[in-house]
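Peer 1: below is the structure, and that's it, no one-letter string:
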C-alpha cells in the first residue's frame, strides 16, 4: 500500500512540475471522502460438505463470514455479512507455507441510515492478502459508491479507500503494451 501511495504522490508531483494543467478543487465541493476501516472481529462458518477437490485444488464455495468493523466514516456499517467463494491451491501438502487462494465475495451491511452492498475479489498467500472491494449505497446512501484496497491486518482485514458522491469515476483506457 505504501508503494501505491508513493507512486501516486510522485505522479502528482511530476504533473505539477512538468506544467501539465491540473484542476484545483474547492474542498467544500469535493466529491469523495477518504475512508479507512479496520476489522475488529471475524466469525467464519464454512459449509464443509460443499467443498470439493480437483487434484491439489480445493473449492470452498459458500463460506459465510461476519466482519465487525471500525470505520473512519460513520456512514459505513459496523457489521458486514459476507458470502465468499474460495479456491485454495495447495502446493507441497506437507508444508504449511506452500499455498495460495483466490476469493470472490458479496456482502451486505446496514448503516445508521441505509445499507451497503459489497462485491469484492482478491488473493492471499502465506505472506499476506490483497483485494479490491466496491460498495454501493442503498436507502439514504443511494447514489454513493465506495472503493477500497483490502490488506491484512492483525488477524483480520484493513480497508483504505474512498466514498464517492456518485458512481465510481471512470477508469482510464488501458494503454497499448510496449513493443520493446
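Peer 2: Structure's in. What do you need? Remember, predicted model here, so these are calculated numbers, not experimental data. Numbering: from 1, shown residues only.
Peer 1: what's the neighbour count on residue 175?
Peer 2: Close neighbours of residue 175, defined as other CB atoms under 10 Å, add up to 6. Where you see a C-beta, it was placed from the backbone N, CA and C, and this is true even at glycine.
Peer 1: what pairs with the helix or strand encompassing residue 88, and is each one parallel or antiparallel?
Peer 2: Residue 88 is part of strand 79-90 when elements are defined by DSSP states H and E. When pairing is defined by DSSP bridges, strand 79-90 lines up against strand 57-71 (antiparallel), strand 99-110 (antiparallel).
Peer 1: buried residues, it. List them.
Peer 2: Counting neighbours by 16 or more other CB atoms under 10 Å, one finds that the buried residues in strand 79-90 are 80, 81, 82, 84, 85, 86, 87, 88.
Peer 1: make JSON lines out of the residues you listed and add distance to residue 97 and pLDDT.
Peer 2: Shown next, in JSON lines, are these (distance: CB to CB, whole Å; pLDDT from 0 to 100):
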{"residue": "80", "distance to residue 97": "30", "pLDDT": "94"}
{"residue": "81", "distance to residue 97": "31", "pLDDT": "95"}
{"residue": "82", "distance to residue 97": "26", "pLDDT": "93"}
{"residue": "84", "distance to residue 97": "23", "pLDDT": "93"}
{"residue": "85", "distance to residue 97": "24", "pLDDT": "94"}
{"residue": "86", "distance to residue 97": "18", "pLDDT": "93"}
{"residue": "87", "distance to residue 97": "19", "pLDDT": "95"}
{"residue": "88", "distance to residue 97": "14", "pLDDT": "94"}
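Peer 1: of those, closest to residue 142?
Peer 2: Compare each of the buried residues of strand 79-90 with residue 142 using CB to CB and the shortest gap goes to residue 80, at 18.3 Å.
Peer 1: for residue 38, the count of nearby residues, please.
Peer 2: Counted with other CB under 10 Å, residues neighbouring residue 38 total 15.
Peer 1: I'd say residue 122 and residue 132 touch.
Peer 2: Yes: using CB atoms under 8 Å as the test, residue 122 is close enough to residue 132 to be in contact (6.5 Å).
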